[in-house]
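> Got a sequence here, can you build the structure:
(one chain, ligands or ions: 1)
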Amino acid sequence: MTNSKSDVKANDIFAKAYDFTKAEEIKSEGLYPYFKPLQATDGTTVQIDGREVIMAGSNNYLGLTNDPRVIKAARDVIKVYGTGCTGSRYLNGTLDLHLELEEKLADFMNKDACVLFSTGYQTNEGAIQTIAGRKDVIFSDKDNHACIVTGTLVSNAKTMRFRHNDMEQLEKLLKRADEKAGKIIVSDGVFSMSGTIAKVPELVELKNRFDARLYLDDAHAIGVIGDKGRGSASTFDLMDEVDLISGTFSKSFASLGGFLVGDQEVIEFIRHNSPAHIFSASMPPANVATVLKALEILQEETWRLDRLQEISDYMRNSLQDMGFNVWSSQTPIIPVVIGGMKDCFQFWKGLFEAGVYVNAVVPPGVPQGQSLVRTSYMATHTDDHLNRILEAFRKVGLDQGIIDQNGHSLLD
Ligand code: PMP
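Predicted coordinates for the structure are as follows:
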């Protein structure tokens, strides 16, 4: 039975769904940029609506999702273990492959121990919920990823949120908190929309001064920045000072899943107590094998990290020289701020028609009036790809009155 809006009573719990017209409005204007089905991809290019466009909006930083060695690793393990684990790690869902991956990641990150989760989202949500209890306080950056926010909401701890990267406010909150409470500061290592690196030295200083612990979500940092790709803390040579570091496999590691590294006792506690770990099926074998191979390639082919850094700098500088506002990007995540939501969708559409796929991000993903297109780069983008992306930005930026010919922004 299908209801129409007029059949739905105001107190029907579904009323909000029948009132939700925003997406339809934007679709009717031909500007809807979301849920675009990709028909095929080789990583750097994708087929959409039967056309080939350059992918400049993926988190496939090392370009490994279509690497023949990674694909072969996934295929080979399916023959031995099948396609799924059909149970949680706690019960029937632990494979020797999971243990091998946990050991290799702990080694790679120079930490005692590692626990895997089935997604990056579950990793942060599950770990924060578990480690922060009723008598504890979580200090969380306001721009932290949604899974950290969820973790704080489902935990029994008190949460104090500080303005993005505002160390003075964090200090004030730490001072204000009950001295006897357990304290943990949680921050993205690289912020997913701005591409900014967290102020790790300041976070470490504060956590030491106030007897707190420090947790970094390095989803966009491991396999991207730092010594051998070890993430945000390693860019400051501060790996030993960070108590817990999480990562995801859905970006550099070309798969799906997540992990947390830290001291043995803390990891064992989370392994045995996190609902997200215990009550959810474990990573399928092909996903684990993909990560094992990607980790090996990351360590052997260091040119990938060098190339990523080189092209990120090139793209950031080139976009800036054209007059675009790239916010505070320091990594391969390079946002281009457009402003209004509709203008952002128009810009997205122009780029798509010019053969470039990026991500449109509008409030609440970013503050009001700061809608942006998020671009991100891969070690496997060729110079030709990059120059075609830049040409498209120049053309659409000029056509839509966002930049002028002399490299100036025309936005207020
Ligand atoms: N943390 C951050 C900072 C992220 O950007 C994301 C996803 N984009 C996640 C965690 C969740 O990871 P996943 O998509 O692998 O579940």
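> Near the ligand, which residues of the stretch 51-200 of the chain are found?
With the criterion set to CB under 6 Å from any ligand atom, the stretch 51-200 of the chain comes near the ligand through 119-121, 124, 145, 147, 188, 192. Every C-beta, even on glycine, is put in place using the N, C-alpha and C of the backbone.
> Out of those residues, who's the most crowded?
Among these, the one with the most neighbours (other CB atoms under 10 Å) is Asn124, at 31 neighbours.
> Quick check: that one touching Val154?
No. Between Asn124 and Val154 there is no contact under CB atoms under 8 Å: 11.2 Å.
> residue in the protein nearest to the ligand?
Residue of the chain nearest the ligand, by CB to the nearest ligand atom: Gly120 (2.4 Å).
> Check the gap between that residue and His145 for me.
Counting by CB to CB, to the nearest Å, the gap from Gly120 to His145 is 9 Å.
> Quickly list what's touching both of those two.
Ala219 (CB atoms under 8 Å, 6 or more residues apart in numbering).
> ok, back up a step: quick check: phi and psi on the residue of the chain closest to the ligand?
Gly120 adopts backbone torsions of phi -70, psi -40, taken as degrees, to the nearest 10.
> same thing with Val266?
phi -70, psi -40.
> contacting residues for it?
131, 243-244.
> Get me the contact residues on the stretch 201-350 of the chain for the ligand.
Checking the stretch 201-350 of the chain against the ligand by CB under 6 Å from any ligand atom, the hits are 217, 219-220, 248, 250, 258.
> By neighbour count, which of these wins?
That'd be Asp217 among those, by other CB under 10 Å, with 34 neighbours.
> what ranges do the strands span in the protein?
40-41, 45-48, 51-55, 113-117, 136-141, 158-162, 182-188, 213-217, 244-248, 258-262, 333-339, 356-357, 359-361, 371-376 (DSSP state E).
> quick one: which of those is nearest Arg271?
strand 113-117 (4.7 Å; CB to CB).
> mind checking how far stretch 303-310 is from the chain centre?
Distance, stretch centre to chain centre, for stretch 303-310: 19 Å (CA atoms, centre = their mean, to the nearest Å).
> same check, this time on stretch 61-79
21 Å.
> swap in stretch 216-233?
11 Å.
> before we move on, what about stretch 258-275?
21 Å.
> any idea of the mean pLDDT for that stretch?
For stretch 258-275, the mean per-residue pLDDT is 98.
> If you count neighbours, what's buried in that stretch?
258-262, 266-267, 270-271, 274 (16 or more other CB atoms under 10 Å).
> Equivalent analysis for stretch 189-201, please.
189-200.
> just stretch 317-328 next, same as before
318-320, 322-327.
> can you tell me the distance between the two ends of that stretch?
12 Å (CA to CA, to the nearest Å).
> tell me how far that stretch is from the chain's mean position?
With CA atoms, centre = their mean, you get 22 Å for stretch 317-328.
> try stretch 231-244
Offset of stretch 231-244 from its chain centre (CA atoms, centre = their mean): 18 Å.
> Also stretch 262-279?
The answer for stretch 262-279 is 22 Å, by CA atoms, centre = their mean.
> Span of it from start to end?
22 Å.
> can you check stretch 391-411 too?
Terminal-residue distance, stretch 391-411 (CA to CA): 20 Å.
> In it, which residues are buried?
392-394, 396-397, 402-403.
> what number of residues lie near Gln309?
Gln309, neighbours per other CB under 10 Å, totals 16.
> quick one: contacts for it?
Ile225.
> Could you do the one 5 residues further on as well?
By CB under 8 Å, 6+ apart, the contact list for Tyr314 reads Leu386.
> Asp218 too?
Here Asp218 is in contact with 189-190, 231-233, 245-247 (CB under 8 Å, 6+ apart).
> coming back round to it: just the buried ones out of the contacts of Val266, please.
Going by neighbour count (16+ other CB under 10 Å), the contacts of Val266 have 131, 243-244 buried.
> neighbours around Leu292, how many?
21.
> where does it sit relative to Thr375, distance-wise?
30 Å.
> And Asn208, by the same measure?
For Asn208, the distance to Thr375 - CB to CB - is 37 Å.
> Please apply the same query to Ser140.
27 Å.
> and if you look at Tyr32?
19 Å.
> longest helix of the chain?
Across the chain, the longest stretch assigned as helix under DSSP state H is helix 303-322.
> quick one: pLDDT of Ser187?
Looking at Ser187, its pLDDT is 98.
> wait, Thr83 sits on Ala286?
Yes. Between Thr83 and Ala286 there is a contact at 7.1 Å, judged by CB under 8 Å.
> between the two, which one's more packed in?
Per other CB under 10 Å, whichever of Thr83 and Ala286 has more neighbours is Ala286, with 21 against 10.
> And that one, how close does it get to Ile245?
25 Å.
> Next: Lys36.
On the measure of CB to CB, Lys36 and Ile245 end up 33 Å apart.
> quick one: which of these two has more around it?
Ile245 (26 against 12).
> want to throw the buried residues of stretch 317-328 into TSV with distance to Phe20?
Shown next, in TSV, are these (distance: CB to CB, whole Å):
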residue	distance to Phe20
Ser318	39
Leu319	34
Gln320	38
Met322	37
Gly323	37
Phe324	33
Asn325	31
Val326	33
Trp327	30
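> Break this structure into its domains for me.
Split into domains by automatic domain parsing, the chain comes to 22-55+302-399, 68-300.
> burial count for Pro285?
The burial count for Pro285: 22, using other CB under 10 Å.
> Likewise for the one 3 residues further on?
Around Val288 sit 28 other residues, with neighbours defined as other CB under 10 Å.
> Ok, Ala15 next?
That count, for Ala15 with other CB under 10 Å as the rule, works out to 13.
> Would you mind measuring from it to Ser4?
From Ala15 to Ser4 the distance is 13 Å (CB to CB).
> try Gly195
When Gly195 is compared with Ser4 (using CB to CB), they lie 44 Å apart.
> hmm, back to that, any idea of the angle the longest helix of the chain forms with strand 333-339?
20 degrees (axes from the mean of the first three to the mean of the last three CA atoms, to 10 degrees).
> what's the angle from helix 303-322 to strand 371-376?
150 degrees.
> what residues are up against the nearest residue in space to Lys135 that is not next to it in sequence?
If the residues on either side of it in the chain are set aside, Lys135 comes closest to Ala181, at 5.8 Å by CB to CB, 6 or more residues apart in numbering. Ala181 makes contact with 135-137, 158 under the criterion CB under 8 Å, 6+ apart.
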